[in-house]
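> Quick one: sequence plus predicted model below, questions after.
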Amino acid sequence: MEQSNGSGEQKGKRPVVYISRSDCFSACHRLHSPLLSDEDNKLTYGKCNNPNGHGHNYKVEVIVRGPVDPVTGMVINLTDLKLYINEAIMSLLDHKNIDKDVSYFKDVVSTTENVAVFIWDNMVKRLPPGLLHEIKVHETDKNVIFYRGELA
Ligand SMILES: Nc1nc2c(c(=O)[nH]1)N=C([C@H](O)[C@H](O)COP(=O)(O)OP(=O)(O)OP(=O)(O)O)CN2
Ligand SMILES: [Zn+2]
């Protein structure tokens, strides 16, 4: 990877900068796979398979990566990023029952991995091509899941 010599720009190239913006949402869910028997659901998900569900105060970080525009001095206007996060994440997930209120999760298990993929898919549609770098979802202080749009 080519690096700046300290003057910011080199041979007409622009510095590539990362921006992270965070927000928090509260939601409840239950881990339950339609592809498993009730017994295997209990074995796989333990307390998280309780039919009454449970809640989290999730923290989500949206990380974008791109060249700094020499005219505006911005990779993206943070006011626009805030709007996209409100549309693509907060309005869909905050104070929701993820399994029941979000149609995407009708047949998709609401693990934090899948929540991160859902958020990526919703954000990537709104952002300029190639700008979204990573979605990071903190399910608890201890459990943090990252997604960079990679497929295997
Ligand atoms: N790979 C995954 N494993 C689990 C997920 C998940 O989304 N992906 N989710 C859960 C449960 O939904 C639940 O969120 C786990 O909560 P909890 O055990 O309370 O969380 P902590 O690990 O932070 O709690 P401590 O018991 O204090 O360590 C389970 N697995
Ligand atoms: Zn949970």
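Perfect, I can see it now. Numbering: from 1, shown residues only. Ligands and ions are numbered 1, 2, ... in the order given.

> looking at the sheet around residue 67, what are its partners?
residue 16 (DSSP bridges).

> if I read this right, it contacts residue 19, doesn't it?
No. The criterion here is CB atoms under 8 Å, and residue 67 misses it with residue 19 at 11.9 Å. Where C-beta positions appear, they are placed from N, C-alpha and C, glycine not excepted.

> The two: who's more crowded?
When residue 67 and residue 19 are compared on other CB atoms under 10 Å, the one with more neighbours turns out to be residue 19, at 16 against 13.

> so what's that one up against?
By CB atoms under 8 Å, 6 or more residues apart in numbering, residue 19 lies in contact with 63, 64, 65, 75, 76, 78, 81.

> Need the pLDDT of the third one.
The per-residue pLDDT reported for residue 65 equals 98.

> Just the buried positions in the host helix or strand of it, please.
Using DSSP states H and E, residue 65 sits within strand 54-67. Buried positions in strand 54-67, judged by neighbour count with 16 or more other CB atoms under 10 Å: 56, 58, 59, 60, 61, 62, 63, 64, 66.
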